[in-house]
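Undergrad: I would like to see how this sequence folds:
(one chain, ligands or ions: 1)
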Amino acid sequence: MEVREVGVVGLGTMGAGIAEVFARGGLSVTAVEADRDALARGMSILGSSLGRAVSRGKLTEDEHAQILGRVRPGSAMTSLSGADLVIEVVPEQLAVKRQVLAELDQVLRPTAIVATNTSSLSVTTIAAGSAYPGRLVGMHFFNPAPVMRLVEVVSTVLTEPAAGQAVTALARRLGKTPVQVTDRAGFVANALLLPYLNHAVRLLETGYATRDDIDLAVTAGIGLPMGPLALLDLIGLDTSLAVLQVLQREFGGTRYTPAPLLRRLADAGRTGRKSGSGFYDYPAQSPPAAGSPAGQRAEPPPPGTVTLIDPATAGARTGAAERAGPHSERAAELASLVAVAGISVTRNPVHPTDLVIVAVGPQGGVLGPATAAGRAADAVGLHVAAPGLAEIVPTPLTSARALAHAGALVARLGLPAVRSADRPGLLAGALLYPHLRDAVAMIGDGYATASDVDTVMTLGCGYPRGPVRMLAEAGVERAAEVLAAMHAGYGDPAFAPPPLLIEYVRGGLSPLAHGAR
Ligand code: CAA
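TA: Next up is the predicted model:
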C-alpha cells in the first residue's frame, strides 16, 4: 500500500519534527492538535526548524514555502478521514493514547495504518485497546526527528505483516533507515541509551564527577556527539524517567532504577530544553564542546620535573630494578607525552619533584602505588582516554598543590581534562564499558543483531561508531577486565561481564565478526 496522505496527532517537539519529515518527503500532512495554542506552538516549531534550514542554505525560500504548504493544521480528528497513515505523538499516558486511538477508529478507513511514536509504553498494550489492532505499528523517531536518520519499526504479535511492511517502506521513502524490532521495553535504542544516561546522573549526584566533566568525558573521551547530561536535557527528563520506569518494570536491576536526582528534577518541572532548564539552563548556558578547555581550571605553571610511577611494573620489581626495567606501554606513552611537552620525567620516587604521576589504567587504582612510593600527598593518577582526554585522578590523600600541578601539566599537554574519582573505569570508562556491556547482553539475548545495534546507535543517536565497533576497538579483554573490576568494586551484577562477552574473550572472537544471533 502506498502512503500519500498522512496525519500527525500531537504537535509537540517530536510531533512537529515528524510532520516536517513527512512534508519534506513530499507527503500531504494534516497536523492535529485539539488545543489552538498547542497547534500554533507546534506550527511555529515546524516553521522555525524550516527557517533554520533556509538560513543555513539547506533549503531555498521556495522549497520552504512548498514544504509548509503541504502541512494543513487542524483541530478535529475528522480532518484525518482521508489519511492513509496517522501517527500519534501525544503525551505518553496510556489513557490519552487510547482516547486518540478510539477517535481515530471512528474516522479512519479500516485499511489506514495507525502508527505510534511511543517510547515508553508497550505497543502491544496500545494495540490491544484498539478496534483494529492489526494495523497498529510502532514508528519510533529520534530527536531531532528531521536530523536523526533512524526509525525503529515495532511490530507486535497482533500487527499484520502488511502494516509493518508499509511503515518500513514509508520510512525508507522519507530517507530514513528503518530497523525492524519486536515489542520490548525501550526497543533497541532506549534500552541501551537510558541506563547509560541514568548512570551519568548517578555519577553526578554521588559527587563522582562534575556535570561539565561528565559531559566532556563522553564527548572528548568517547567521541559521542553530546554528553549524557546534555542529551537528557534534549530528550526531556520526564520522558527519560518514563522510559527508565518501564525498563525497570520489564527487566529489573539497579541499572534501570531512576537516579533520585533525575526524578527530583523531573518532579520539579526542570525537564530540560523544553522547560528552559534541566542539568543546564537554556538558552543561557551551553554544554562544553569537545576539545574546549572547559574542563581545565586556572592553574599555576606546570612542574619542571615529575616522577612517573608505572603501576603495571611497580609491584613486580623494587628499588633500582624497578627504575631500570622497561615501562608498560601505557606508562611509556605517558612518559613521552610529558617529555614532548618539555617537562622532564624521572622514575625515582625519592627525587624531590613537585608532582608524582601514577600511569593508571582504566581499572583505576592510584592510591596503592602512590602510598607504596611514600608520596601519596604529591601523587595523582593520569590516564589518557582515546580520542583525546586526560583523566586526572586524585586520591583522598592528594594535596591541593599536587592537583593544581597536575592541572597545569595537562594544560601544557593541550588535552581537554576531567577529574575522576579513583574507581574502576575512571570517568569515561565507567560510562562506556557498562554501556557496551548492555549492547553485548542485548545481542546475547537474541533481541537484536550486532549490526542492528550499531545501526540504531549511529543513526538514532549520532554515534560516530556503534557500540559493537567501539567494543572491538577497545578490545574485548580490556572491556571484560574493566567490567570485572567494576563488578568486584561495587558488587552490582549489572556490571558483570555478560556470557557472550566472556565467550568473545575465551574464543578470541571479534564482536564484529559475530553475526545475527
Ligand atoms: N531540529 C531540526 N534540525 C536540527 C535541530 C533541531 N532541533 N538541531 C540541529 N539540527 C540540524 C541543524 O540544522 C544542522 O543541519 P545541517 O547539517 O543540515 O546544517 C544539523 O542538525 C547539525 O546541527 P548543529 O551543527 O547545530 O549541531 P551539532 O553538529 O552539534 O548536531 C545534533 C546537533 C544533531 C543534535 C547532534 O548533537 C547529535 O546527533 N546528538 C545526539 C542526539 C541524539 O542522541 N538523539 C536521540 C535521542 S533518543 C530519542 O530521541 C528517542 C527517545 O525515545 C527518547
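Undergrad: how about low-confidence regions in the stretch 151-300 of the chain?
TA: 284-300 (pLDDT under 70).
Undergrad: how about residue 496, what does it touch?
TA: Contact partners of residue 496, counting by Cβ atoms under 8 Å, 6 or more residues apart in numbering, are 483-484, 487. (Each C-beta comes from the backbone N, C-alpha and C, glycine too.)
Undergrad: for residue 144, same thing?
TA: By Cβ under 8 Å, 6+ apart, residue 144 lies in contact with 13, 17, 49.
Undergrad: sort out for me which of the residues you listed are in helices.
TA: 13, 17, 49 (DSSP state H).
Undergrad: what's around the first one, how many residues?
TA: By other Cβ atoms under 10 Å, 20 other residues sit near residue 13.
Undergrad: any idea how far residue 466 is from it?
TA: 26 Å (Cβ to Cβ, to the nearest Å).
Undergrad: which of the three states applies to residue 395?
TA: Secondary structure, DSSP: H, G, I helix; E, B strand; the rest coil: residue 395 is coil.
Undergrad: chain center to whatever helix or strand residue 240 lives in: distance?
TA: Residue 240 belongs to helix 237-251 when assigned by DSSP states H and E. How far helix 237-251 lies from its chain's middle: 15 Å, per Cα atoms, centre = their mean, to the nearest Å.
Undergrad: who's in contact with it?
TA: Where contact means Cβ under 8 Å, 6+ apart, the residues beyond helix 237-251 that reach it are 92, 119-122, 184-186, 190-191, 194-195, 197-198, 232, 256-258, 262-263, 265-266, 270-272, 278.
Undergrad: still on that earlier bit, let me have the contacts of residue 144 in CSV, extended by pLDDT and distance to the ligand.
TA: Listed next are the contacts of residue 144 as CSV, based on pLDDT from 0 to 100; distance: Cβ to the nearest ligand atom, whole Å:
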residue, pLDDT, distance to the ligand
13, 91, 8
17, 97, 6
49, 95, 4
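Undergrad: which parts of the protein sit against the ligand?
TA: 49, 52, 56, 58, 119, 142-144, 146-148, 189-190, 193, 225-226, 231, 235, 239, 460-462 (Cβ under 6 Å from any ligand atom).
Undergrad: let's see which of the contacts of helix 237-251 end up in helices.
TA: Mapping these onto helices (DSSP H) picks out 190-191, 194-195, 197-198, 232, 262-263, 265-266.
Undergrad: what residue in the stretch 151-300 of the chain comes nearest to the ligand?
TA: Closest contact between the stretch 151-300 of the chain and the ligand, by Cβ to the nearest ligand atom, is at residue 225 (3.8 Å).
Undergrad: pull the number of nearby residues for that residue.
TA: The local packing of residue 225 (other Cβ under 10 Å) involves 13 other residues.
Undergrad: that one contacts residue 219, correct?
TA: Yes: between residue 225 and residue 219 a contact is recorded at 7.3 Å, counting by Cβ atoms under 8 Å.
Undergrad: phi, psi of the residue in the stretch 401-517 of the chain that the ligand sits nearest to?
TA: Residue nearest to the ligand within the stretch 401-517 of the chain (Cβ to the nearest ligand atom): residue 462, separated by 2.6 Å. Here is the backbone geometry of residue 462 (degrees, to the nearest 10): phi 70, psi 20.
Undergrad: which ones are touching it?
TA: 148, 224-226.
Undergrad: mind running it again at 6 Å?
TA: residue 225 (Cβ atoms under 6 Å, 6 or more residues apart in numbering).
Undergrad: of the contacts of residue 144, closest to residue 382?
TA: Closest to residue 382 out of these is residue 13 (41.3 Å), distances taken as Cβ to Cβ.
Undergrad: separation between that closest one and residue 159?
TA: Distance, residue 13 to residue 159, using Cβ to Cβ: 27 Å.
Undergrad: could you check how far the residue nearest the centre of the chain is from residue 235?
TA: Closest residue to the average C-alpha location of the chain: residue 193 at 4.9 Å, with Cα atoms, centre = their mean. Here residue 193 is placed at a distance of 8 Å from residue 235 (Cβ to Cβ).
Undergrad: go on, residue 64?
TA: 27 Å.
Undergrad: circling back to that earlier point, just put the contacts of residue 144 in TSV and tack on distance to residue 179.
TA: Formatted as TSV, the contacts of residue 144 follow (distance: Cβ to Cβ, whole Å):
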residue	distance to residue 179
13	22
17	19
49	24
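Undergrad: how about low-confidence regions in this protein?
TA: Scanning the chain for pLDDT under 70 picks out 284-300, 314-325, 387, 514-517.
Undergrad: can you pull out the strands in it?
TA: 5-9, 28-32, 71-74, 85-88, 113-116, 136-140, 150-155, 177-182, 305-309, 344-346, 355-358, 379-385, 389-393, 417-419 (DSSP state E).
Undergrad: now do the second one: distance to the chain's middle.
TA: Taking Cα atoms, centre = their mean, one finds the center of strand 28-32 at 31 Å from the center of the full chain.
Undergrad: quick one: contacts of that strand?
TA: Outside of strand 28-32, the residues within contact range by Cβ under 6 Å, 6+ apart are 5-9, 11, 19, 22-23, 70-74, 79-80.
Undergrad: which of those are buried?
TA: The neighbour count (16 or more other Cβ atoms under 10 Å) marks 5-9, 11, 19, 22-23, 70-71, 73-74, 79-80 as buried among those.
Undergrad: what's the closest of these to the ligand?
TA: Closest approach to the ligand among the buried ones among the contacts of strand 28-32 (Cβ to the nearest ligand atom): residue 19, at 12.1 Å.
Undergrad: residues in contact with the closest one?
TA: Counting by Cβ under 6 Å, 6+ apart, residue 19 touches 8, 29, 31, 46, 71.
Undergrad: just give me the neighbour total for the residue nearest to residue 51 when sequence neighbours are not counted.
TA: Residue nearest to residue 51 in three dimensions, not counting chain neighbours: residue 64, with 7.3 Å by Cβ to Cβ, 6 or more residues apart in numbering. Number of residues near residue 64 (other Cβ under 10 Å) recorded here: 16.
Undergrad: thought residue 25 was touching residue 174?
TA: Yes: counting by Cβ atoms under 6 Å, residue 25 does reach residue 174; the two are 4.1 Å apart.
Undergrad: just the buried subset of the contacts of helix 237-251, please.
TA: Neighbour-count burial (16+ other Cβ under 10 Å) applied to these gives 92, 119-122, 184-186, 190-191, 194-195, 197-198, 232, 256-258, 262-263, 265-266, 270-272, 278.
Undergrad: how near is residue 357 to residue 252?
TA: 42 Å.
Undergrad: swap in residue 411?
TA: Distance from residue 411 to residue 252, by Cβ to Cβ: 45 Å.
Undergrad: mind checking which of the two has more residues around it?
TA: Counted by other Cβ under 10 Å, residue 411 and residue 252 do not tie: residue 411 has more neighbours, with 20 against 10.
Undergrad: from residue 344, how far off is the more buried one?
TA: Taking Cβ to Cβ, one finds residue 411 at 18 Å from residue 344.
Undergrad: same check on residue 143?
TA: 50 Å.
Undergrad: so for those two, which residue has more residues nearby?
TA: The neighbour comparison of residue 143 against residue 344 (other Cβ under 10 Å) goes to residue 143, with 19 against 11.
Undergrad: next, the more buried one: phi, psi?
TA: Backbone torsions of residue 143, given as degrees, to the nearest 10, read phi -90, psi 130.
Undergrad: so who does it touch?
TA: Contact analysis of residue 143 by Cβ under 6 Å, 6+ apart lists nothing.
Undergrad: and the ones in helices among the contacts of helix 237-251 as JSON lines, adding distance to residue 105?
TA: Shown next, in JSON lines, are those (distance: Cβ to Cβ, whole Å):
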{"residue": "190", "distance to residue 105": "28"}
{"residue": "191", "distance to residue 105": "30"}
{"residue": "194", "distance to residue 105": "32"}
{"residue": "195", "distance to residue 105": "36"}
{"residue": "197", "distance to residue 105": "36"}
{"residue": "198", "distance to residue 105": "36"}
{"residue": "232", "distance to residue 105": "35"}
{"residue": "262", "distance to residue 105": "36"}
{"residue": "263", "distance to residue 105": "35"}
{"residue": "265", "distance to residue 105": "37"}
{"residue": "266", "distance to residue 105": "32"}
